[in-house]
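Trainee: here's a sequence, model it:
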Amino acid sequence: MREGGEISWQRPAQLGIAVVALAVVPGLLAGNPLAGLGPVIVLAFFYCLWRAPLRWPVLALFLIALVADNPHERPAEGQWQTPFYQPGLLLYENLNNITGIKPLRFSLLDVILILLVGVILVRRLARREPAPADEDDGAFEASGLNVLLATAFLTILGLEVLGIARGGDFKASLWQTRELLWLPVVTWIFATTLRGPRDQTMLGLLVMLAATLKTAEGLYYYEVICRPLGVKPAYVTTHSDSLIFVTAVVIGVVGWLLDKAHRRYFVPIVAIAGLGLVLNNRRLAIVSLVSNLALIYLMLPGSRLKRSMTRLALLSLPIVALYAAAGWNSNSAIFGPVKMLSSVLSKDDRSSETRDIENYNLMQTLKVKPLLGWGFGHEYLEVSKADDISQFFALYRYIGHNSVLWLWSVGGLIGFGFFWSLIVFSIYLSARAFRFAVRPLDRTAGMVALSVGVSFVIQAYGDMGLQSWTGVFLLAAALASTSQLAVAVGAWPPAPRPVRVVRSFGWAVPRADARETT
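Mentor: Numbering: from 1, shown residues only. As a prediction, the model looks like this:
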C-alpha cells in the first residue's frame, strides 16, 4: 500500500491482528492457544506464495532440495539419521508411505512443484500489464530453450506411453521417470522466476551454504559418532552430495582465478568443500573434480596466470609421479588420493566387474530396439548374469547404474537424442556465455554452470545420476541461469516475448514487455 509515495503498513497490520485473533481465540476456547496456528501457517504460506516475488520460494526450495537428505540414497550408511533426514523424508518420500493413504503415490516435492507451476501460469494469465523488471517475471531467456524443454518433457511422456503400450510395468515406470520428467519443468520454473545475472550471486551463496552444512554433517558423523566407537565408515554423505561439493570447489577456484578483488573470500570455500569431498569418499567425486579442474585450465584464455599454472604443473610432475608410485599399493591415510585413483582405474574389484556386466546387458538391450528403444516400464535384458540382488532390490533391472546407457536403451537413438539435447545445449551455452562475459562475476557464473553440466554427465554415466534430485535442481538452476546470462552478455539471442495487452478505458492496447523498451 502506498500513500503519498510512502509505504503504508496500516492494512497489513490490521490483517495481521485479524489473523492472530482468528488463530488464537479458537485455540483459547478449545483450551490450547496453539491449536489454531496450523491452518493459519498454511494460509500464510499460500498468501506469500501468491503475493511475494516467486524467486524467493524458488530459491528457498533450491536450498532445501540441496540440503535435505534423500532417504533412498541411505545417507551415513543408513546407520544414523542426520538433522536433514526428516525434512528429506517429508520432501522426497511418497506421501502414501508417510500417511498410509494408498492413492497418494507422490511426494510433497511433486505437490510443491505443481503448485509453483500453477501459480506462475495463473499470475501470467491474470496480469494485464507488464511486470516491473525486478518482479518474478524473470529475465530474458535464450531463444530455443523453451523448445528444448518442451521437447525433453514430451519425449519422456512419449516413452512412457510407448513402454506401457508394450506391456511395461506402470508402477516401475513412475520410479523411472520422476526426475527425468521434472528436469525440464524445474528448469522452466527457474528460467521464469530468476532475474538473470542479478541472482547469480544468490545461487552461488546457496550452493556454498549447502556444501558447508553437508560438510558439518559429515564431520559430526565421522568424528563424534564413529570415531569414539572405533568405526571407519565407508562413506558419510551420498553420491548426490558429490555434486554439491564439486560445484562449491569450482566456485572457489574460478572465483579465486577471475575475481582478484575478492580472492580472500574464496579460499575458505575451497577448504570447506574440499573437506566435504574427503569425507564424502566417492571415486566419482574425484573424477568429477579432476575433470572440472582440467576444463577450467583449458577454458581460461592465455595469460600470465595460465602460463604460471602450466610451468607449475610441469615442475610438479616428477613429485606427483613419485607420490603416486609410492602410494599405489599402500593403505596409509596419507596416500588416500592415490588409493582412490587406483581404485578408479582398476578393474579387479567386484564392483567394477558387475558394472561392466551391467553395461554389457544395457548395450544388448539397446541392440534389440536401437531406434525408439523399449520405453519405460521394462527391465533391461540380463544376457550375462551378475550378482543376484533381487532380494534386497527387486527393481534393480529397471534402472542401470550407468543411467546414460540405460536411458539410451529405454529411448533408443531417437528418444535419447531428443532428451539429451537439453544437456548438450546447457554445456554449449555455458561455454559460450563464459567466452562472451567480461565481468568477473559473469565469467565465474558461466564457468560454474559449465562445470555443473559436466559433473551431471559424469554422475549420470557413473552411478544413476539421472535419478538424483540434487542433480535435477543443480542442472536446472545452471541451465536457467546460463540461459539468461548468455542473453545478457550478447552470446545468444533472446527468446521472443509475447505481446501483452494493457486495458485502458475499455480499449485493448497491444504493448511489448516493459523490459523490451529499456
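
Trainee: contact partners for residue 370?
Mentor: 412-413 (C-beta atoms under 8 Å, 6 or more residues apart in numbering). In short, each C-beta sits where N, CA and C put it, glycine included.

Trainee: got phi/psi on it?
Mentor: phi -80, psi -20 (degrees, to the nearest 10).

Trainee: likewise for residue 492?
Mentor: With angles defined as degrees, to the nearest 10, residue 492 sits at phi -160, psi 140.

Trainee: what number of residues lie near it?
Mentor: A count of nearby residues for residue 492, using other C-beta atoms under 10 Å, gives 24.

Trainee: ok, now residue 435?
Mentor: 14.

Trainee: what helices and strands are in contact with whichever helix or strand it is part of?
Mentor: Using DSSP states H and E, residue 435 sits within helix 403-436. For helix 403-436, the packing partners by 3 or more C-beta pairs under 8 Å, 6 or more residues apart in numbering; DSSP states H and E come out as helix 145-165, helix 170-193, helix 350-368, helix 440-462, helix 469-488.

Trainee: just want the angle from the longest one to helix 403-436.
Mentor: Direction vectors for helix 170-193 and helix 403-436, defined by axes from the mean of the first three to the mean of the last three C-alpha atoms, to 10 degrees, enclose an angle of 10 degrees.

Trainee: show me where pLDDT drops low in the stretch 401-518 of the chain?
Mentor: The model of the stretch 401-518 of the chain has pLDDT under 70 over residues 497-518.

Trainee: oh, that last question was meant for the chain, not what I typed.
Mentor: 1-46, 48, 127-139, 327, 330-351, 390-392, 497-518.

Trainee: at 50 what do you get?
Mentor: The model of the chain has pLDDT under 50 over residues 1-9, 34, 128-137, 499-518.

Trainee: who wins for proximity to residue 249 among the helices and strands packed on helix 403-436?
Mentor: Among the helices and strands packed on helix 403-436, the nearest to residue 249 by C-beta to C-beta is helix 440-462 (9.2 Å).

Trainee: export that closest one as CSV, just CAs?
Mentor: What follows is helix 440-462, C-alpha atoms only, in CSV (Å, rounded to 0.1, in the frame of the first residue of the first chain):
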residue,chain,number,x,y,z
PRO,A,440,34.4,-11.5,-13.2
LEU,A,441,31.0,-12.4,-11.7
ASP,A,442,29.6,-13.3,-15.1
ARG,A,443,32.6,-15.3,-16.2
THR,A,444,32.5,-17.2,-12.9
ALA,A,445,28.8,-17.9,-13.3
GLY,A,446,29.4,-19.2,-16.9
MET,A,447,32.2,-21.5,-15.8
VAL,A,448,30.3,-22.8,-12.8
ALA,A,449,27.3,-23.6,-15.0
LEU,A,450,29.6,-25.4,-17.4
SER,A,451,31.1,-27.4,-14.6
VAL,A,452,27.6,-28.4,-13.3
GLY,A,453,26.7,-29.8,-16.7
VAL,A,454,30.0,-31.8,-16.9
SER,A,455,29.5,-33.1,-13.3
PHE,A,456,26.0,-34.1,-14.1
VAL,A,457,27.0,-36.1,-17.1
ILE,A,458,29.8,-37.8,-15.1
GLN,A,459,27.4,-38.6,-12.3
ALA,A,460,24.8,-39.9,-14.8
TYR,A,461,27.4,-42.1,-16.5
GLY,A,462,28.9,-43.4,-13.3
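
Trainee: neighbouring contacts of stretch 451-466?
Mentor: Against stretch 451-466 from outside (C-beta under 8 Å, 6+ apart): 179-180, 239-240, 242-243, 246-247, 250, 254, 284, 287-288, 291-292, 295-296, 399-407, 423, 426-427, 430, 468, 471, 474-475, 477-479.

Trainee: likewise for stretch 249-269?
Mentor: Under C-beta under 8 Å, 6+ apart, the answer for stretch 249-269 is 204, 207-208, 211, 248, 270, 273-274, 277, 289, 292-293, 296, 300, 305, 440-441, 443-444, 447-448, 451.

Trainee: now list the buried members of those.
Mentor: Neighbour counting with 16 or more other C-beta atoms under 10 Å marks 204, 207-208, 211, 248, 270, 273-274, 277, 289, 292, 296, 300, 440-441, 443-444, 447-448, 451 as buried within the contacts of stretch 249-269.

Trainee: which residue packs closest to residue 441, ignoring adjacent ones?
Mentor: residue 200 (6.3 Å; C-beta to C-beta, 6 or more residues apart in numbering).

Trainee: and if you look at residue 408?
Mentor: In space, residue 408 is closest to residue 416, 4.6 Å off (C-beta to C-beta, 6+ apart).

Trainee: and the one you found, how far from residue 405?
Mentor: Remark: distance between residue 416 and residue 405 (C-beta to C-beta, to the nearest Å) = 10 Å.

Trainee: how about the strands in this protein?
Mentor: With DSSP state E as the definition, the chain shows strands at residue ranges 2-3, 6-7, 500-504, 507-511.

Trainee: just to revisit the earlier point, hey, which of the helices and strands packed on helix 403-436 is tucked in deepest?
Mentor: Sort these by mean neighbour count, taking mean count of other C-beta atoms under 10 Å, and helix 469-488 sits at the top with a mean of 28.

Trainee: residue 158 touches residue 415, doesn't it?
Mentor: Yes. Using C-beta atoms under 8 Å, residue 158 is in contact with residue 415, at 7.3 Å.

Trainee: is the residue nearest to residue 408 in contact with residue 403, as I believe?
Mentor: No. Assessed by C-beta under 8 Å, residue 416 is found out of contact with residue 403, at 11.2 Å.

Trainee: could you check which of the two is surrounded by more residues?
Mentor: A count of neighbours by other C-beta under 10 Å puts residue 403 above the other of residue 416 and residue 403, at 25 against 22.

Trainee: just list the residues touching the more buried one, thanks.
Mentor: 460-461, 463-467.

Trainee: repeat for residue 354
Mentor: 386-387.

Trainee: what separates it from residue 444, distance-wise?
Mentor: Residue 354 sits at a distance of 40 Å from residue 444 (criterion: C-beta to C-beta).

Trainee: what does residue 460 give?
Mentor: Distance, residue 460 to residue 444, using C-beta to C-beta: 24 Å.

Trainee: again, but for residue 124
Mentor: 32 Å.
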